[in-house]
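Trainee: Got a predicted structure plus its sequence, pasted below:
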Amino acid sequence: MKFTLSWLKDHLDTDASLEKICETLTLIGLEVEGVENNAAILAPFTVGYVTDAIQHPNADKLRLCTVDIGDGESMQVVCGAPNARAGIKIVFAREGLTIPSNGMLLKPTEIRGVKSCGMMCSEREMGISDEHDGIIELPEDAEVGKPFAPILGIDDPVIEIAITPNRPDALGIYGVARDLAAAGLGTLKPSVIKPIAGSFESQQKIGSLSDGCPQFAGRLIKNIENRPSPKWLQQRLIAIGLRPISALVDITNYVSYDRCRPLHVYDADKLTGDIVARMGKPDDAPFTALDGKDYSATESLQVIADDARVLGFAGVMGGEYSGSQLDTTNVFIESAYFDRIVTAITGRQTGIESDARYRNQRGIDTQSCIEGIEQATQLVLDFCGTDKTEISHVVVAGQAPTRAKRIEFPIAEVKRITSVDVPTDKIITILTDLGFEVTGSGDVLDVLAPEWRPDINGKQDLVEEVIRIYGFDSVIATALPRTLVVSKPVLTPLQDKTVRSRRVLAARGMKEAVTYSFIPEEQAKMFGGGAAELILDNPISVEMSTMRPSLLPNLLAASVRNAGRGINDQAMFEVGQIFLGAENADQKICAAGIRRGTATLAGQDRHWAGKNSKVDLYDVKADVMAALNGIGEKAEKFQITTNAPAHYHPGRSGTLQLGPKNIIAHFGEVHPRILKAFGINEVIVAFEITLNAIPQAKQKKIGKGALNLSNRLEVKRDLAFIVDDNVEAIKLMNAVIGADKKQISGVSLFDVYNGANMAEGKKSLAVEFSIKQSDKTLTDEEITAIMDKVVAKVGKAVGGQLRDS
Amino acid sequence: MADLAELEQKISDEIAAADGLTALDNIRINALGKKGEISLLLKTLGKMQPDERKTFGAAVNQLKGRVNQVLAARKTVLEDEELDRRLATETMDVTLPVQADPANQGRLHPLSQVWEEVVAIFADMGFAVADGPHIETDFYNFTALNIPPEHPARQEHDTFYFAPDENGDRKVLRTQTSNVQIRTMQTQEPPIRIIAPGRTYRNDSDLTHTPQFHQVEALVIDKTTTLAHLKGTLEEFFKAFFEIDNLKMRFRASHFPFTEVSYEVDIGYTRKGNQIIIGDGDEWLEILGSGMVHPNVLRNCDLDPDVYQGFAFGMGIDRIAMLKYGIPDLRAFFDADLRWIDHYGFAPFDIPSLTGGLSR
């Protein structure tokens, strides 16, 4: 909300500087968003006197003026304004100044061959109005050389404050003054609104009221002359960004800003029968509101109406038909209390933004209806009154609900919540200054909140008022007491996995992306998502409409963007949320990554020592294993299956799982059809690990167990087997281990061969396995026996035949 | 015996002259081999008188010992010479670049790094880390936080909504991490000290706003925590986070539905060129919202506001990351531009800790 300093000083008697006022406003919760100090901006622009004006020798429409600018100085100014003539006082801008409205820097110049120094200014150039038909003519008594702004009364600084939703009272300048006075910045001047006696019964009656309008007050004023409002009022309204229209309209705006008291003025001659407040009806005819737009009242919108028509939306905006015009002579003033929520709904559904709606929906002073009428009456009399003007008695229908709430306020609460010892008399003064009625003086005060403070409901609200005004500087920073000497781990196991997996993946040369949680619906569907419960009703755009079921769509889209930037070898990952449903348990943390081009662990791009090989499934399988190991799991304990979901290549993808149900991770080539949909025509390998799916050990095992070392070397033997092409290596390796679990301690696969000399549909797998020698050295016969067992077991398990080399 | 001295001299000369290991071995064979000169001398012992055999035998054996020593010494010299010769031919270009270190190429996103920094500081102050769902019910996101049904925050231009379910209830994307406050207070007995860092969503997208961003929420509930602790905690946090000794703070009274005695907090800064230096200075930067937990919020979690009290605050993780590390554009955080991640990201072993220091 904007107001001017002089307007504030109508209500606040203060010597405080503009800076101090602004600083205090900000600290007490009325944050200053901006200050336009016209006095400072316009100070360099001074009064000049045109002593002579002759025709420009080279231009018909230009005049050559001699301007006395004070201190015996005279300037020659070329001017095109039609009213530029000798004998007038004007606003002079020297060379070197910048014109406020357009930022033009005044430089020495020649116009059509004649030297021109400085400028004579229009209202538009000074930012006063849009007037640009001629230059400003100042009063004859204006003193040459002095700043012009005070002469026109436009040197009033404009302060703009942000009002939090709890403080509708500060939407009136009087309320702002009250806060500042309480904060010690002066004295609140007594309210000057006096009741004005009516002389007749209003012929205009108020009929029934709807629930959303508990009180409606009105007054008929006859035989007035509407005209432009006085200059001072126009200037104030312009200063705060409102357009002066006519005295009657300006008065409603003035009272709205002055007291947060929205009003409406009807042309009484346009009213038919009683005025009522009611909800809209289906057969109500559409009407034109004051914004010039046509609206239809529906049953959820509250309207003011008479017997003939809808007059306007209650508390939001009046209608054009019954609004006051310059020729209006009889007026009916409306000052009502409207329910905040009904007003908010009416405003929201019609989409009308107005000062009245803003105030009414935030909650004005419930008991201000009569006062509003009286204040408006005085102003109407002042600005539009004639000898014949007649004022009716105030008509009032209904009763506004009182907010008056008695609060028991144990003053110890202030210290309990804030730690500050505010003296009791100071507490009482602060509350009283803010308009609270305080009785009692002991440990518990009895406090009655003012009607204009809908936000005050309990004792903690009073604590806030006290400390807000007393000042936060009184709060001494204090560290929280240490509850433990050494802090305990603060991360949950899942958070720990999140942190560790990030660092492991980054250590494998991958870069971490953070992308949006929402993706296009069609991408979500490609990855098994897109359920109705995961689609936003009001997305930013269709590209951000659906919660992601996987981290891969965003990584693939990012891959395309990065390729577009010339980065072809990419290793990228994200650890973040995926959404498999809208329930809590369906929102999971996933670690996923992609590799593209030659971005393998061994290095990317071309390197003199490298093979520059393209990424494949085994690169991402290694990522998965590394991440699992890095977060403290034994990666080998998971079963590896080929159950990867449909967004992977069916034959080049795998899944890590624990039992049939618990899926831990997927890895493999992304399905070419998906890649095509993203516009990618090369292999991308990807993995996804669902961190929530990893079971958490019930108890943390800290000890590492005893280390049993044998003095005897392990015996190592190699065997190569020929098996069918589709035999999975893990089965053969498991068979080797399983052949003699006691003796065989490890197996590694060191060769896969399906080249020359290999029968159709066959391949050779060569393994090295270790045989433990715990208590005695094995004899050749014993070793041969173990090898025989291995051969037999592999034969049985996967049909492997020893390969004769 | 003079013959022996002569022989020794001869063999020694030959050894000294040997120019390679093969030549040296030939000398050894000629001297000490089965048919070598010294071996042959030993064979003559059998024909000698016992006395003579004794002295001559000892002399020959000593000679043999000395020759062996000289041979060994020469052998070492020759081997060293040969190694030196070989090494002189073995050179590699030490300037050829090695393969890049994956750990040097990988990067953590600045958000992850700052997440860990924030957690490290608050952990030291006794805060545990909590999190909650992103898709949230109206109750946890609004009602329990004392946000009334007509509050503007609930409007569609602020909050992302999902379609109504069969009961007409609409879930939302959480607009703040404060939902975690409620979930924590419902499940945990005070004293409570938690932070809830996480992703939040608002229906807002322009130059300085993105529809998702990250917040860290803090909540302390016990029987003694006051505004003074809020001030102290924030002061300690910002000094530790920005690694500064001086910090100017300004508490502006404000309003949030979930706190009563509410403050917006500014920190002082100065500008040097394009750089913002946090701490001192005449300018203020709005950094967070805070306050004492509203009695209604406590009641909504079945805590008696006459017994329990505490503070809460929330600030943007993205924002403090931008301020600390001089990152200009919020939107770039979510763009996954590898060049950006490379530049603003952190190496995998740069783990922030209070023992080793937060920033590198």
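Mentor: Good, I have the coordinates.

Trainee: From here on, just use CA atoms for contacts and neighbour counts.
Mentor: Fine.

Trainee: so for stretch A:476-490, what's the average pLDDT?
Mentor: Averaging pLDDT along stretch A:476-490 gives 82.

Trainee: chain center to it, what's the gap?
Mentor: In terms of Cα atoms, centre = their mean, to the nearest Å, the gap separating the centre of stretch A:476-490 from the centre of its chain is 33 Å.

Trainee: How about residues contacting it?
Mentor: B:123-129, B:225, B:228-233, B:235-236 (Cα atoms under 8 Å, 6 or more residues apart in numbering or on different chains).

Trainee: Kindly state the domain boundaries assigned to chain B.
Mentor: Annotated domains of chain B cover B:2-89, B:108-344 [automatic domain parsing].

Trainee: Relative to chain A, which of the ones you listed is closest?
Mentor: domain B:108-344 (4.1 Å; Cα to the nearest Cα).

Trainee: and the end-to-end length of that closest one?
Mentor: 9 Å (Cα to Cα, to the nearest Å).

Trainee: can you pull out the helices in the stretch 101-250 of chain A?
Mentor: With DSSP state H, counting those that start in this stretch as the criterion, the stretch 101-250 of chain A has helices at A:149-152, A:173-182, A:231-239, A:247-259.

Trainee: These: lowest mean pLDDT?
Mentor: With a mean of 84, helix A:149-152 has the lowest mean pLDDT of those.

Trainee: on that earlier part again, nearest to chain B, of the helices of the stretch 101-250 of chain A?
Mentor: Closest to chain B of the helices of the stretch 101-250 of chain A is helix A:173-182 (Cα to the nearest Cα; 12.4 Å).

Trainee: could I have that closest one exported to PDB, CA atoms only?
Mentor: Coordinates of each C-alpha in helix A:173-182 appear next as PDB, following Å, rounded to 0.1, in the frame of the first residue of the first chain:
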ATOM      1  CA  ILE A 173      -3.100   5.200   6.900                       C
ATOM      2  CA  TYR A 174      -4.600   5.900  10.300                       C
ATOM      3  CA  GLY A 175      -3.700   2.300  11.300                       C
ATOM      4  CA  VAL A 176      -0.100   2.800  10.100                       C
ATOM      5  CA  ALA A 177       0.100   6.000  12.200                       C
ATOM      6  CA  ARG A 178      -1.200   4.100  15.200                       C
ATOM      7  CA  ASP A 179       1.500   1.500  14.900                       C
ATOM      8  CA  LEU A 180       4.200   4.100  14.600                       C
ATOM      9  CA  ALA A 181       2.900   6.000  17.600                       C
ATOM     10  CA  ALA A 182       3.000   2.900  19.700                       C
END
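
Trainee: wait, does that helix contact chain B?
Mentor: No: applying Cα under 8 Å from any Cα of the partner chain, one finds helix A:173-182 separated from chain B by no less than 12.4 Å.

Trainee: Show me what that helix is packed against.
Mentor: The contact analysis (3 or more Cα pairs under 8 Å, 6 or more residues apart in numbering or on different chains; DSSP states H and E) places helix A:173-182 against helix A:5-11, strand A:12-13, helix A:18-27, strand A:187-188, helix A:247-259, helix A:424-433.

Trainee: can you list the residues of the stretch 151-300 of chain B near chain A?
Mentor: Proximity of the stretch 151-300 of chain B to chain A, by Cα under 8 Å from any Cα, involves residues B:156, B:160-163, B:203-205, B:211-212, B:224-233, B:235-236, B:251-255, B:260-262, B:292, B:294-295.

Trainee: Relative to chain B, how far out is the nearest residue to residue A:49 once chain neighbours are set aside?
Mentor: Excluding the flanking residues, the one nearest residue A:49 by Cα to Cα, 6 or more residues apart in numbering or on different chains is residue A:89, at 4.5 Å. Separation of residue A:89 from chain B (Cα to the nearest Cα, to the nearest Å): 42 Å.

Trainee: Phi first, then psi, for residue A:89.
Mentor: phi -90, psi 140 (degrees, to the nearest 10).

Trainee: give the contact list for the closest residue in space to residue A:465 that isn't next to it in sequence.
Mentor: Leaving aside its chain neighbours, residue A:465 sits nearest to residue A:431 (7.3 Å; criterion: Cα to Cα, 6+ apart). Residues counted as contacts of residue A:431 (Cα under 8 Å, 6+ apart) are A:437, A:438, A:462, A:465, A:466.

Trainee: try residue A:398
Mentor: Applying Cα under 8 Å, 6+ apart, the residues near residue A:398 are A:209, A:214, A:215, A:216.

Trainee: wait, isn't the third one in contact with residue A:315?
Mentor: No: taking Cα atoms under 8 Å as the definition, residue A:215 is not a contact partner of residue A:315, at 11.9 Å.

Trainee: Identify the contacts common to these two.
Mentor: Contacts common to residue A:215 and residue A:315, judged by Cα under 8 Å, 6+ apart, are A:336, A:338.

Trainee: what about these two, which has more around it?
Mentor: A count of neighbours by other Cα atoms under 10 Å in any protein chain shown puts residue A:315 above the other of residue A:215 and residue A:315, at 33 against 23.

Trainee: which helix of chain B spans the most residues?
Mentor: Of all segments of type helix in chain B, defined using DSSP state H, the longest is helix B:50-89.

Trainee: near chain A at all, the first helix or strand past that helix going along the chain?
Mentor: Sequence-wise, the next helix or strand downstream of helix B:50-89 (DSSP states H and E) is helix B:102-105. Yes: judged by Cα under 8 Å from any Cα, helix B:102-105 and chain A are in contact via B:102, B:103, B:104, B:105.

Trainee: Using PDB, write down the CA coordinates of the following helix or strand past helix B:102-105.
Mentor: Per DSSP H and E, the first helix or strand lying C-terminal to helix B:102-105 is helix B:110-124. Presented in PDB, the C-alpha positions along helix B:110-124 are these (Å, rounded to 0.1, in the frame of the first residue of the first chain):
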ATOM      1  CA  PRO B 110      26.100 -27.900  -5.400                       C
ATOM      2  CA  LEU B 111      22.700 -28.600  -3.900                       C
ATOM      3  CA  SER B 112      24.000 -32.000  -2.600                       C
ATOM      4  CA  GLN B 113      27.100 -30.400  -1.300                       C
ATOM      5  CA  VAL B 114      25.200 -27.600   0.500                       C
ATOM      6  CA  TRP B 115      22.700 -30.200   1.900                       C
ATOM      7  CA  GLU B 116      25.600 -31.900   3.600                       C
ATOM      8  CA  GLU B 117      27.100 -28.600   4.800                       C
ATOM      9  CA  VAL B 118      23.800 -27.600   6.400                       C
ATOM     10  CA  VAL B 119      23.400 -31.100   7.900                       C
ATOM     11  CA  ALA B 120      26.900 -31.000   9.400                       C
ATOM     12  CA  ILE B 121      26.300 -27.700  11.100                       C
ATOM     13  CA  PHE B 122      22.900 -28.600  12.500                       C
ATOM     14  CA  ALA B 123      24.100 -32.000  13.500                       C
ATOM     15  CA  ASP B 124      26.700 -30.300  15.700                       C
END
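
Trainee: what about helix B:110-124 and chain A, touching?
Mentor: Yes: using Cα under 8 Å from any Cα, we find that helix B:110-124 touches chain A at B:123, B:124.

Trainee: what does the longest strand seen in chain B rub up against?
Mentor: For chain B, the longest strand by residue count, based on DSSP state E, is strand B:259-272. For strand B:259-272, the external contacting residues (Cα under 8 Å, 6+ apart) are A:460-461, A:463-465, A:467-468, B:247-256, B:276-295, B:311-312.

Trainee: Please consider this matter closed, and thank you.
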